[in-house]
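Chemist: Predicted model follows, preceded by the sequence.
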Amino acid sequence: MKIKLLAFAALIAAAVSCTGERADVLKVYNWSDYIDESVLPEFEEWYKEMTGEEIHVVYQTFDVNETMLSKIEKGHEDYDVVCPSDYIIERMLNNGLLLPLDFASIPEDINYIELNRSPYIQGVFRSINPSIDANEYSVAYMWGTTGILYNSDEVTLEEASTWDIIRNPKFAGRVLIKDAPRDVYGPVLIYLKQNELKEGTVTLEDLMHDSSDESIAAVEAYLKQVKDGVLGWEADFGKEQMTKGRGLVSLNWSGDAVWAIEEAGEVGVNLDYLVPEEGSTVWFDGWVIPKYAKNIKAATYFIDFMCRPDIAIRNMEETGYVSANGSLEVLESQIDEELEPVDLSYFFGEEASAVRVDPVLYPDRAVIERCALEHDWGADTDKLLAMWSRVKGDNAGVSTIVVIVLAAAAIIVVLVTKGRKKRHRNPYRR
Ligand code: SPD
């Protein structure tokens, strides 16, 4: 009877922990290198001040969208706030994995989400999913472009201005590619379809939805030509390889580029970044509350805190990425009179049609006009992932296989020789 009672109690405890709340813990799952971690204890203090409640942040990181998605989609992990990219937000919306955000629950005077919204970002988020307004389920955190980070001492502006640079034999062995299938597929397809784009028979938007077998095969064939010159498929180490001068060309995100350009400058390595002429993708990462979250209140306050302009500025400065915060305070923090003016009217309104900010951080209107947003492919995503592992798997190449076989053979020889010696020394030992 006692055992039955204990089992029953354990069952109840498990059920509560699966469905119940945990008011004093907030589980945040974010990209690595994507926050100034000193803001986390500050959030704990602020939350206590604002609500009178204790909170402890448990902070974990991921390198690629797909890892995060699978933990939630398949593992039902109980993160309270996560930070997926646009096309993953779309997928999570389509699959009912997100909770609507209750911004109205935050008092007006500290409602930084509402106070600092960018109409541009709101428009983009509306276009994420035509049937569900993503603005009701997510708040943009950082955004940027995908482009080419290059060593400007070794690579000319002209060479870097086309995606074809990633298979340019001149840079073989010095090319880094982001290990992010969608972010590589998009630009390569844009490159391959540049004539159709010029003729107007396809649009960038069409290409973002193009998961046809022919297009996947064309990108695969192209990437197989690229891979022999690849120094690494990287999630986060590429920027450092560039600052150390090991890599000369990196297909990368603008925020990693800003970070690398600054770091490299300090050790005399000259890097630059651009979005190739053929066009590219513009991306947005946003905070969402997954349906398995257990602390919705603290999650909502956390998202709000991230939108406070001073916190947004600190996160930008630490990571190199650009905040989606639409406040003039954030814009003003980035103005540098030595820089050329950039047209940011699309983001901050007419008064920002010529502001002196870093164009890698805030792309000029002309760059944005040749970029498009990635979209969820639904079940076709598996075709892309299979193609990606064929390309990267092949990259292990004959040389890697030869090294593995030789190493295994060497281990066997050593073990056999040792065994013989031992038997020789002590013939009676069993
Ligand atoms: N190290 C943090 C990188 C986050 C960049 N997100 C870009 C996603 C593009 N789909």
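Modeler: That came through, no problem. Numbering: from 1, shown residues only.

Chemist: Going by C-alpha atoms from here, please, whenever you check contacts or count neighbours.
Modeler: Will do.

Chemist: check contacts around the closest residue to Asp80 other than its chain neighbours.
Modeler: Using CA to CA, 6 or more residues apart in numbering and skipping the chain neighbours, the partner closest in space to Asp80 is Ala293 (4.3 Å). Contact analysis of Ala293 by CA atoms under 8 Å, 6 or more residues apart in numbering lists Asp78, Tyr79, Asp80, Val81.

Chemist: Quick one: those residues as a markdown table, columns for neighbour count, secondary structure and distance to Pro169 too.
Modeler: Shown next, in a markdown table, are the contacts of Ala293 (neighbours: other CA atoms under 10 Å; DSSP: H, G, I helix; E, B strand; the rest coil; distance: CA to CA, whole Å):
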| residue | neighbour count | secondary structure | distance to Pro169 |
| --- | --- | --- | --- |
| Asp78 | 21 | coil | 47 |
| Tyr79 | 23 | coil | 45 |
| Asp80 | 26 | coil | 46 |
| Val81 | 26 | strand | 43 |
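
Chemist: Out of those, which comes closest to the ligand?
Modeler: Val81 (15.4 Å; CA to the nearest ligand atom).

Chemist: I'd guessed that closest one sits against Ile289; true?
Modeler: Yes: in this structure Val81 lies within contact range of Ile289 using CA atoms under 8 Å: 4.9 Å.

Chemist: Mutual contacts of the two, please.
Modeler: Ala299.

Chemist: where does this structure dip in pLDDT?
Modeler: 1-20, 394-430 (pLDDT under 70).

Chemist: need the residues of it near the ligand, please.
Modeler: With CA under 6 Å from any ligand atom as the criterion, the chain meets the ligand at residues Trp31, Ser32, Asp33, Tyr34, Ser85, Asp183, Trp283.

Chemist: Please narrow those to those residing in strands.
Modeler: Trp31, Trp283 (DSSP state E).

Chemist: for the chain, what spans make up the strands?
Modeler: Using DSSP E, strands in the chain cover 25-31, 56-62, 81-82, 138-151, 175-178, 230-234, 249-253, 271-274, 280-288, 322-323, 371-372.

Chemist: So Asn129 is in contact with Glu90, correct?
Modeler: Yes: using CA under 8 Å, Asn129 is in contact with Glu90, at 5.9 Å.

Chemist: if you count what's nearby, which of those two comes out ahead?
Modeler: Here Asn129 and Glu90 are compared on neighbour count by other CA atoms under 10 Å; more neighbours surround Glu90, at 26 against 20.

Chemist: Against Gly123, how distant is the more buried one?
Modeler: 15 Å (CA to CA, to the nearest Å).

Chemist: now Ala354
Modeler: 22 Å.

Chemist: same question, Ser254
Modeler: Taken as CA to CA, the span from Ser254 to Gly123 is 21 Å.

Chemist: ditto for Ile303
Modeler: For Ile303, the distance to Gly123 equals 19 Å [CA to CA].

Chemist: Who has more neighbours out of those two?
Modeler: Remark: of Ile303 and Gly123, Ile303 carries more neighbours, 24 against 13, as counted by other CA under 10 Å.

Chemist: Name the nearest residue to that one, ignoring sequence neighbours.
Modeler: Leaving out its chain neighbours, Ile303 is closest to Trp287 (CA to CA, 6+ apart), at 6.6 Å.

Chemist: Return the residues in contact with the one you found.
Modeler: Trp287 touches Val81, Val82, Cys83, Pro84, Ser138, Val139, Ala140, Tyr141, Ile303, counting by CA under 8 Å, 6+ apart.

Chemist: In stretch 311-319, which residues are buried?
Modeler: Ile311, Ala312, Ile313, Arg314, Asn315, Met316, Glu317, Thr319 (16 or more other CA atoms under 10 Å).

Chemist: Surely the fourth one and Asp36 touch.
Modeler: Yes: in this structure, Arg314 is within contact of Asp36 by CA under 8 Å, at 6.4 Å.

Chemist: before we move on, the earlier item: and the contacts of Ala293 as CSV, adding distance to Arg117?
Modeler: Converted to CSV, the contacts of Ala293 look like this (distance: CA to CA, whole Å):
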residue, distance to Arg117
Asp78, 28
Tyr79, 25
Asp80, 22
Val81, 19
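
Chemist: what's the farthest-apart pair in these?
Modeler: Comparing every pair within those by CA to CA identifies Asp78 and Val81 as the most remote, at 9.1 Å.
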